[in-house]
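[1] Sharing a model prediction with you, sequence too.
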Amino acid sequence: MNIIHDLWRNRHLLMNMSKSDFKNRFSGSYFGVVWAIIQPLMTILIFWFVFQVGFRAQPISNVPFILWLCAAMIPWNFFSDAIINSTGAFTSYSFVVKKLVFKIGLLPLVKVTASFFLNIAFNIFLILIYSLYGDFPGIHLLSIIYFNICLFALITALAYFLSTLNVFFRDTTQIVGILLQFGIWLTPIMWEESVIPENLRWLIKLNPIYYIVNGYRDALINKIWFFEHPTQTLYFWGVTMILATIALTFYKKMKSHFADVL
């Protein structure tokens, strides 16, 4: 609970550092933060071109393929970007980790919050593109807000564990990058879960990201509320709380050794 108290007490510092971290990612480049938007958009366009133009994908769930794809790609982009950046939270800020007066517990959340700024912009883009197709989500925007809270909580739990591990095992960032490449294909983002035999679909649902990706599509396409899947909701929060407990315990145990290693 001490770390939660510290985060709240230093919330203004957290926001200022997050804004600075986001801007510093693209400092020195001509287009600056525009690259933060262009790069994920290009990824979405490439997948759209490959599947809809190349493989001639048909509308799914009675919506154009691009809408179905974006509903999953937007939350995945936030997850991927935040995990990659937060893994190096302590090593990239090693100059402040060694300062005894600085609350280093803020650092993973600084990285996650910096990525969340971009996520807000992409969620607005997602709502706009659905609106242009005449399918404004309406009241189900509340579900989108809920799933963003879910995503933020899951990422934060993983961020504390991975950033702590990365201090002592610097290959963590490369391993995480490889796992994310597998993750995007193991999660039903570009493909429908119906291609998996029904008796094996429970394996896909063990992935907590499935809950969020499916939740986005349910809210935007099927107009289904998150509480209509109580078992999946309880499972997701159970997994997230377990991960958070493990991550914070690991962080508290190892943080006293950070200065020696860094």
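    Great, that's in hand. Predicted model, so just to flag it, every value in this text is computed and none were measured.
[2] Using PDB, write down the CA coordinates of stretch 249-258.
    The C-alpha coordinates for stretch 249-258 follow below in PDB (Å, rounded to 0.1, in the frame of the first residue of the first chain):
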ATOM      1  CA  THR A 249       6.800  -8.100  -4.000                       C
ATOM      2  CA  PHE A 250       9.700  -8.600  -6.500                       C
ATOM      3  CA  TYR A 251      10.300  -4.900  -6.800                       C
ATOM      4  CA  LYS A 252      10.300  -4.200  -3.100                       C
ATOM      5  CA  LYS A 253      12.700  -7.100  -2.500                       C
ATOM      6  CA  MET A 254      15.200  -6.000  -5.200                       C
ATOM      7  CA  LYS A 255      15.100  -2.200  -5.200                       C
ATOM      8  CA  SER A 256      17.700  -1.900  -2.500                       C
ATOM      9  CA  HIS A 257      20.200  -3.500  -4.900                       C
ATOM     10  CA  PHE A 258      19.400  -1.200  -7.900                       C
END
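[3] Read off the pLDDT value for Ala72.
    Note for Ala72: predicted pLDDT of 90.
[4] Report how many residues lie close to it.
    22 (other C-beta atoms under 10 Å). All C-beta spots, glycine's among them, are computed from the backbone N, C-alpha and C.
[5] Surely it touches Glu192?
    No. Applying C-beta atoms under 8 Å, one finds Ala72 not in contact with Glu192, separated by 10.7 Å.
[6] Pull up the overlap in contacts between those two.
    Common contacts of Ala72 and Glu192 (C-beta atoms under 8 Å, 6 or more residues apart in numbering): none found.
[7] how far away is the residue nearest the centre of the chain from Arg11?
    Closest residue to the average C-alpha location of the chain: Phe79 at 1.8 Å, with C-alpha atoms, centre = their mean. Between Phe79 and Arg11 the computed distance is 23 Å (C-beta to C-beta, to the nearest Å).
[8] and if you look at Leu41?
    31 Å.
[9] returning to what we had before: who are the neighbours in contact with the residue nearest to the centre of the chain?
    By C-beta under 8 Å, 6+ apart, the neighbours of Phe79 are 151, 154-155, 209, 212.
[10] Moving C-terminal from the strand or helix carrying it, which element do we reach first?
    Assigned by DSSP states H and E, Phe79 belongs to helix 65-87. Where DSSP H and E defines the elements, the next helix or strand beyond helix 65-87 is helix 89-92.
[11] Give the buried residues for that next one.
    Across helix 89-92, burial judged by 16 or more other C-beta atoms under 10 Å covers 89-92.
[12] for those residues, which one is nearest Ile204?
    Ala89 (29.9 Å; C-beta to C-beta).
[13] I'd assumed Lys111 was in contact with the closest one.
    Yes. In this structure, Ala89 is within contact of Lys111 by C-beta under 8 Å, at 4.8 Å.
[14] shared neighbours of those two, which are they?
    Common neighbours of Ala89 and Lys111 (C-beta under 8 Å, 6+ apart) are 159, 163.
[15] In the stretch 151-262 of the chain, mark out all the helices, start to finish.
    Counting by DSSP state H, counting those that start in this stretch, the segments of the stretch 151-262 of the chain that form helices are 172-186, 201-205, 208-217, 230-254, 258-261.
[16] Give me the mean pLDDT for the first one.
    Per-residue pLDDT over helix 172-186 has a mean of 92.
[17] I figured Met190 was touching Trp68, is that so?
    No. If you go by C-beta under 8 Å, Met190 and Trp68 don't touch, sitting 9.8 Å apart.
[18] These two: who's more crowded?
    Neighbour totals were compared for Met190 and Trp68, and Trp68 leads with 23 against 17 (other C-beta under 10 Å).
[19] Understood, closing this out.
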